[in-house]
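Peer 1: sharing a model prediction with you, sequence too.
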Amino acid sequence: MLGTDFTTGSPDWLDLGSPDTTAAATFYGRVFGWDFASAGPDAGGYGFFQQDGKTVAALGPLTQEGASSAWTVYFETPDAEATARAAEQAGGTVRMAPMDVMEAGRMAALTDPGGAEFAVWQPNAVKGLERTSENHTLLWAELHVADPEAVLGFYRGLFGWRWAEMEAPGMTYRVISTAAGDQQDASFGGVAPLQPGADKARWIPYFATTDADVVAASVQESGGSVLMSPADVPQVGRIAWLADPFGAPFAVLKPDPRM
C-alpha cells in the first residue's frame with residue numbers, strides 16, 4: 001500500500017480543482033472530517049486538506065478555461081523538465097510546463113496518450129502528502145483507460161513502473177508498482193480498461209475507510225452523488241464510487257484484511 005517514503009513514480013501529492021473551494025472544503029469536511037488550511041495570501045486560493053494537522057490532499061480553484069472539477073494525482077520525479085520532455089516525446093501532452101511552486105517544489109501538468117490527466121511533483125521544501133493509507137486518506141490510485149497495455153508502456157518510460165496482471169470479473173486488472181523494492185510491497189495502484197459508457201480516461205483516487213456505506217450515505221446527504229453503490233470485491237474489499245457536488249469523481253475502499 002501507499003506510504004509516505006516516496007520514490008520516483010510514487011503518488012506523492014493529490015489535489016482537487018473546484019469552481020467553489022469554500023463549498024468543496026465544507027463538503028469534504030463533512031464526509032471525511034478534513035480541516036482546510038490556506039497556503040497563504042500569495043497562493044491564489046490554494047490550500048491543504050488536513051487530518052490531525054497532517055496534509056492528506058490539497059484544494060484550489062480551477063485555473064484552465066473549460067476545466068471540470070476533478071482530482072489530480074501527482075507522481076514523484078527527480079526532474080520535472082526531463083519527465084515533461086519524455087512525456088511529450090512518447091505521445092503525451094504537456095498541459096502546463098514545469099514551474100516552481102514558491103519554495104515547495106516544481107510541478108508540471110501532463111496528459112497521457114490515452115487521455116488521462118496527471119501531474120508530476122519534484123519536491124523541495126514540500127516532500128509530499130504527510131499521511132496516507134489510513135482512514136480517510138489516499139490509499140490507492142487507479143487509472144481507467146481504453147488501452148491499458150499501451151498506456152502502461154508510456155508510464156514505464158517515464159517512471160520505470162512494473163505491473164502484474166490479475167483476473168477480475170469481466171476484465172484483466174493490472175496492479176502497478178514503482179521501480180524500486182519488492183514489487184508487491186511497492187504497489188500503489190492499478191489500471192483497468194475503460195468500461196462501456198465511461199465518458200473519458202481518468203485517474204481515480206481511492207480513500208481508505210472503515211465503512212464504505214456510511215461514507216456513501218454522507219456523500220448523498222452532503223450534496224454529492226453515488227456513482228457506484230458500495231459493493232464487495234473478493235480479496236480486495238468493499239468499494240464505492242462517488243462524486244462531490246461539482247462532479248469530481250473519487251472512490252472509497254474498506255480493504256479486505258487479507259490485503
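Peer 2: In hand now; what should we look at? Numbering: from 1, shown residues only.
Peer 1: Val151: neighbour count?
Peer 2: Using other Cβ atoms under 10 Å, Val151 has 21 other residues around it. Just so you know, the C-beta spots here come from the backbone N, C-alpha and C atoms, and that holds for glycine as well.
Peer 1: only alpha carbons, please: show the strand or helix carrying it as CSV.
Peer 2: Secondary structure assignment for Val151, by DSSP states H and E: helix 148-159. Extracted in CSV, the C-alpha atoms of helix 148-159 (Å, rounded to 0.1, in the frame of the first residue of the first chain):
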residue,chain,number,x,y,z
PRO,A,148,-4.1,-0.3,-20.7
GLU,A,149,-1.0,-2.0,-22.2
ALA,A,150,-0.1,0.9,-24.5
VAL,A,151,-0.5,3.5,-21.8
LEU,A,152,1.4,1.4,-19.2
GLY,A,153,4.3,1.4,-21.7
PHE,A,154,4.2,5.2,-21.6
TYR,A,155,4.4,5.3,-17.8
ARG,A,156,7.1,2.7,-17.7
GLY,A,157,9.1,5.0,-19.9
LEU,A,158,8.6,7.9,-17.5
PHE,A,159,8.9,6.2,-14.1
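Peer 1: residues contacting that helix, please?
Peer 2: 8-9, 75, 77, 83, 86-87, 90-92, 112-114, 116, 143, 145, 161-163, 172, 174, 176, 178-179, 191-193, 201 (Cβ atoms under 8 Å, 6 or more residues apart in numbering).
Peer 1: any chance you could map the helices in the stretch 151-259 of the chain?
Peer 2: 212-221 (DSSP state H, counting those that start in this stretch).
Peer 1: where does it dip in pLDDT?
Peer 2: Screening the stretch 151-259 of the chain residue by residue with the criterion pLDDT under 70, one finds the ranges 197, 258-259.
Peer 1: now with 50?
Peer 2: Judged against pLDDT under 50, the stretch 151-259 of the chain has no low-scoring part.
Peer 1: what are the boundaries of the strands in it?
Peer 2: Counting by DSSP state E, counting those that start in this stretch, the stretch 151-259 of the chain has these strands, from start to end: 162-168, 171-177, 187-193, 202-208, 225-233, 237-243, 249-255.
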